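Undergrad: sequence and predicted structure are below.
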Amino acid sequence: MAVEQREDQYQKKQRKRRKRTKRYLTAAQLRQRYGNVSHMWLERRLKNDPAFPRALKLGRLRFFDEAELERWERSHAVQD
């Protein structure tokens, strides 16, 4: 019984850790996610769509939060 409880506690902790871990996509990965769209497509989304998730910039690289992209996709799908 005690072993099962420890395993359950361990699994709960692992799930919490997974929830807290954010995944980020590079601009190239984001473009591939939306069907190998062009660089200009991404630039236009950032410029013209205020609801589109903004990037986290590290030097010249841009990273997009995957959870924010999924929220944008859900809200975008409802509008169409």
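TA: The structure has been received and is ready for your questions.
Undergrad: CA atoms for contacts and neighbours, from now on please.
TA: Noted.
Undergrad: let me know the secondary structure of residue 54.
TA: coil (DSSP: H, G, I helix; E, B strand; the rest coil).
Undergrad: give me the low-pLDDT residue ranges for the chain?
TA: 1-3, 16-20, 78-80 (pLDDT under 70).
Undergrad: residue ranges for the strands of it, please.
TA: 24-26, 56-58, 61-65 (DSSP state E).
Undergrad: contacts for the last one?
TA: Meaning strand 61-65. 22-27, 30, 53-57 (Cα atoms under 8 Å, 6 or more residues apart in numbering).
Undergrad: drop anything exposed from these.
TA: 24-27, 30, 53, 55 (16 or more other Cα atoms under 10 Å).
Undergrad: possible to save those as CSV with distance to residue 37?
TA: Shown next, in CSV, are the buried ones among the contacts of strand 61-65 (distance: Cα to Cα, whole Å):
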residue, distance to residue 37
24, 18
25, 15
26, 14
27, 11
30, 9
53, 16
55, 17
